[in-house]
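*Asks:* Give the three-dimensional model of this entry:
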Amino acid sequence: MKCLILAAGYATRLYPLTENFPKPLLKVGDKTILDWLVDDIDTSGKIDEYIVISNHKYAMHFYEWANSKPQKITVVDDGTSTNETRLGAVKDILFAIETTGLDDDMLVIAGDNVLDFSLCTFIDYALKKVTSCIMRYYEPDENRLHKTGVLQIDENDLILNMEEKPLQPKSHWCTPPFYYYTRSDARLIGKGIESGCGTDAPGSYIAWLCTQTKVHAMEMPGSRYDIGNLESYKAVQDNYKGITH
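*Replies:* Model prediction:
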């Protein structure tokens with residue numbers, strides 16, 4: 001299994017911190033955000049390569065980070081240099097697959113979130129389901145539902161419907177940017193783009209995929225800390241205690 005890490009964004013809301021430095025390599029406690037993610041995932045023993053998708057502006061920072069790690073890490077530069085010319089998450093995933101010749105089951109994660117639970121739980125869940133999978137959490141705030149992926153599920157966690165940033169949300173179940181693609185479903189990304197699925201938000205591919213095949217959604221067993229602006233970054237630095245469960 002491969003782990004694809006989405007790290008090609010420009011984090012403009014965190015300027016000046018990220019004006020010349022990538023958000024995933026900001027420190028939270030004594031480790032970078034990416035270190036928290038990779039070091040945890042690696043304990044599963046299921047990942048044989050990590051592929052970091054960067055833009056051209058920040059690629060050298062990721063090369064340096066990768067060289068400091070014991071895991072096999074490949075950095076892919078998508079060639080963009082500005083927020084206005086970014087490819088978008090789904091096109092970045094396809095670019096990385098085509099550039100590296102990747103043909104395997106994949107854990108696909110955003111590289112700019114920290115969690116208080118282990119992603120190994122999600123990997124085990126996906127392997128038992130033998131389908132592509134996502135996570136879900138209950139969001140009581142209706143205003144936030146308009147800014148994320150919202151899904152409907154049945155009693156067995158099967159996704160019945162998913163919509164990115166809906167005007168009229170059909171549930172309070174939201175999906176964070178952590179996904180598992182089976183090898184066969186990863187091969188359909190190009191078809192999804194050709195069929196008109198959105199390409200900016202990574203969940204757009206799942207919204208299309210669940211209309212083609214079975215996709216399950218595991219309830220998130222803890223909390224996700226999204227570092228969106230300077231205020232939230234300070235809050236995470238002050239309050240994050242690491243992986244506690």
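
*Asks:* use CA for all of it now, contacts and neighbours both
*Replies:* Will do.

*Asks:* Sticking with the residue lying farthest from the centre of the chain, tell me its helix or strand.
*Replies:* Centroid-distance maximum for the chain: Glu155 at 25.1 Å, with C-alpha atoms, centre = their mean. Per DSSP states H and E: Glu155 is located in neither a helix nor a strand.

*Asks:* could you measure it against Ile227, distance?
*Replies:* 32 Å (C-alpha to C-alpha, to the nearest Å).

*Asks:* now do Pro169
*Replies:* 24 Å.

*Asks:* again with His146
*Replies:* From His146 over to Ile227 the distance is 18 Å, taken as C-alpha to C-alpha.

*Asks:* ok, now Gly242?
*Replies:* In terms of C-alpha to C-alpha, Gly242 sits 15 Å off from Ile227.

*Asks:* So the two - more neighbours on which side?
*Replies:* When Gly242 and Ile227 are compared for neighbours, Ile227 comes out ahead with 22 against 15, by other C-alpha atoms under 10 Å.

*Asks:* what sits against the more buried one?
*Replies:* Counting by C-alpha atoms under 8 Å, 6 or more residues apart in numbering, Ile227 touches Asp112, Asn113, Tyr233, Val236.

*Asks:* All the strands of the chain, residue numbers only.
*Replies:* For the chain, the strands defined by DSSP state E cover 2-7, 27-28, 31-32, 49-54, 73-77, 106-110, 113-115, 132-138, 149-153, 159-164, 173-175, 178-181, 215-219, 224-226.

*Asks:* Not counting its own residues, what contacts stretch 88-106?
*Replies:* Applying C-alpha under 8 Å, 6+ apart, the external contacts of stretch 88-106 come out as 1-4, 6, 8, 51, 53, 76, 78, 180-184, 186-187, 189-190, 198-202, 204-205.

*Asks:* Among those, name the buried ones.
*Replies:* 1-4, 6, 8, 51, 53, 76, 78, 180-183, 186-187, 189-190, 198-199, 201-202, 204-205 (16 or more other C-alpha atoms under 10 Å).
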